[in-house]
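Participant: My questions concern the predicted model and sequence given below.
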Amino acid sequence: MRHFPTALSMQTAAPHFVVHLVGPGGAGKTAAGPLLAGRLGWRFVDLDREFIAREGDVATYMAVHGYAGYTLRNVAVYREVMNALTASTVFALSSGFMTYAATTDPQYAVLRQAIEHDALTVLLLPSFDLEACVHAIVQRQLARPYLAGNRANEEARIRERFPAFMALQCARFDSSEAPRELAMRIEQFVRARCAA
């Protein structure tokens, strides 16, 4: 396997493969991600869990620091995790990570572009049709009791972010199937890219 000499790899200290899973909450990143990591024999990292481990509850952090403060700290947590990697990793990014304002951090725009164009970045959406995607995401998010989701808020969030996700120039996978099958398909894609 060879490491891709992308802008992303040049920004990080670890010479390892990293699959970035991007997409909205409910797209399947944390359902398929651990299965994918297991199939590859890699580590799985969830950026949301890493943030919580360092800062506590996300909603509480946002209540104190605002959304801008949260995004700034989340980008910093991402860098901390990336710089500490010691093995190839499947990395599930926070739902809005690829949709933050360009002014979030002085280097965010460069970082976002590097992730977007990395050969192993994968966008997950349960449908590439707006209405079908909104329906699936809202249903999935409302089924998570720990989120205490609000239907109107969840729908507004995915409608706002859908165009940004669809504009990403990276590999796309329909995540409407079972996580195990999705992980198998992404594994095939990753192995092919790593062997190229």
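Facilitator: Right, received. Where do you want to start?
Participant: got the residue ranges for the strands in this protein?
Facilitator: Using DSSP state E, the strands found in the chain span residues 18-22, 43-46, 89-92, 121-125, 171-174.
Participant: now residue 134: how far from residue 162?
Facilitator: Distance of residue 134 to residue 162, given as C-beta to C-beta, to the nearest Å: 7 Å. For glycine as for every other residue, the C-beta is placed from the backbone atoms N, C-alpha and C.
Participant: I figured residue 28 hits residue 178, correct?
Facilitator: No - checked against C-beta atoms under 8 Å, the pair residue 28 and residue 178 is beyond contact range at 9.5 Å.
Participant: Helices along the chain, start to end?
Facilitator: 7-11, 29-40, 47-55, 58-84, 108-117, 130-142, 151-166, 179-195 (DSSP state H).
Participant: what does the third one contact?
Facilitator: Spelled out, that is helix 47-55. The contact list for helix 47-55, computed with C-beta atoms under 8 Å, 6 or more residues apart in numbering, reads 30, 58, 61, 73-74, 77-78, 80-81, 91-94, 97.
Participant: So which one of the residues you listed is the model least confident about?
Facilitator: Lowest-confidence member of these: residue 58, scoring 89 (pLDDT).
Participant: Wait, it touches residue 69, no?
Facilitator: No - when contacts are counted by C-beta under 8 Å, residue 58 is not listed as touching residue 69 (11.5 Å).
Participant: which stretches of this protein aren't confidently modelled?
Facilitator: For the chain, applying pLDDT under 70 flags the ranges 1-15, 144-149.
Participant: and with 90 instead?
Facilitator: Along the chain, the model assigns pLDDT under 90 to residues 1-16, 25-26, 57-59, 105, 135, 137-158, 195-196.
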